[in-house]
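K.L.:
pasting the sequence and the predicted coordinates here, then a few questions.
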Amino acid sequence: MRASVNHVGYGKIEYDENFWTGKRELTVGGEKLLKKKKNVYTLNSENGELDCRIKGSFLTGATLYIDQDVIQLSEPCKWYEILCSVLIFAFVLTWGSIPQLCMIIPIVGGAIGGAISGLGAFINLFWMRRIKQVGLKLLVWLGIFFGTIMLCFLIAEFLLIVFY
């Protein structure tokens with residue numbers, strides 16, 4: 001995920017964080033900063049070397065601290081983005097563990113359903129963070145929600161055919 005902020009004193013600040021690995025890159029005023037520690041980078045300025053600290057992540061909201069300046073690089077997740085992602089996991093977990101519901105529409109639960117719905121929730125959060133309009137975010141959630149349910153249903157049907 002990339003974020004770009006224009007700052008009066010430092011110019012264009014670009015922050016890039018790999019969603020899957022967590023690897024970060026920071027560019028201030030066109031200069032790529034060298035990593036000193038895990039979340040500390042070195043900025044060469046007129047006053048010498050400055051330590052730049054990044055707190056948070058793209059999901060929790062990344063903040064850059066340069067000397068006395070605090071710069072918000074990315075906004076934290078909205079409450080509805082987290083809720084929609086948790087609903088995917090909670091629905092599969094609940095439906096897959098109640099036999100009466102599985103008699104209506106069988107979906108795989110347990111470890112397989114948990115892994116699939118967890119991946120669906122993760123992908124949902126990833127895509128919802130990339131989209132700006134709330135309506136499109138909800139459409140993405142709806143698509144991923146039904147896609148996850150359909151995948152769990154197809155796996156449950158396959159297992160029922162194979163083992164029964």
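P.N.:
Looks like it arrived, so ask away.

K.L.:
who does residue 42 bridge with?
P.N.:
Beta-bridge pairing for residue 42 (DSSP bridges): residue 34, residue 51.

K.L.:
ignore the last one, residue 13
P.N.:
residue 5, residue 28.

K.L.:
quick check: it touching residue 62?
P.N.:
No: between residue 13 and residue 62 there is no contact under CB atoms under 8 Å: 10.7 Å. For every residue, glycine as well, the C-beta is placed using N, CA and C.

K.L.:
list the residues that contact both of those two?
P.N.:
residue 73 (CB atoms under 8 Å, 6 or more residues apart in numbering).

K.L.:
so between these two, which is more surrounded?
P.N.:
Counted by other CB atoms under 10 Å, residue 13 and residue 62 do not tie: residue 62 has more neighbours, with 23 against 20.

K.L.:
quick one: contacts for the residue nearest the centre of the chain?
P.N.:
With distances taken as CA atoms, centre = their mean, residue 126 lies nearest the centre of the chain, 4.1 Å away. Residue 126 is in contact with residue 19, counting by CB under 8 Å, 6+ apart.

K.L.:
just the element for it, please.
P.N.:
Remark: residue 126 resides in helix 110-130, with elements defined by DSSP states H and E.

K.L.:
just the buried positions in stretch 154-164, please.
P.N.:
155-156 (16 or more other CB atoms under 10 Å).

K.L.:
do stretch 48-65 as well
P.N.:
In stretch 48-65, counting by 16+ other CB under 10 Å, buried: 50, 52, 54, 56-59, 62, 64.

K.L.:
in the protein, which spans are strands?
P.N.:
2-7, 11-17, 24-28, 31-32, 34-35, 40-45, 48-55, 63-66, 69-72 (DSSP state E).

K.L.:
need the pLDDT of residue 154.
P.N.:
Predicted confidence (pLDDT) at residue 154: the value is 97.

K.L.:
state the distance from it to residue 21.
P.N.:
30 Å (CB to CB, to the nearest Å).

K.L.:
now residue 109
P.N.:
30 Å.

K.L.:
more neighbours: which of the two?
P.N.:
Applying other CB under 10 Å to residue 109 and residue 21 shows that residue 109 carries more neighbours, namely 22 against 7.

K.L.:
what is the neighbour count of residue 108?
P.N.:
So residue 108, with other CB under 10 Å, has 25 neighbours.

K.L.:
which residues sit in contact with it?
P.N.:
Counting by CB under 8 Å, 6+ apart, residue 108 has contacts 96, 116, 152-153, 155-156, 159.

K.L.:
follow-up on the earlier one: so for residue 104, which of the strands of the chain sits nearest?
P.N.:
Each of the strands of the chain has some distance to residue 104 by CB to CB; the shortest is strand 11-17, at 42.0 Å.
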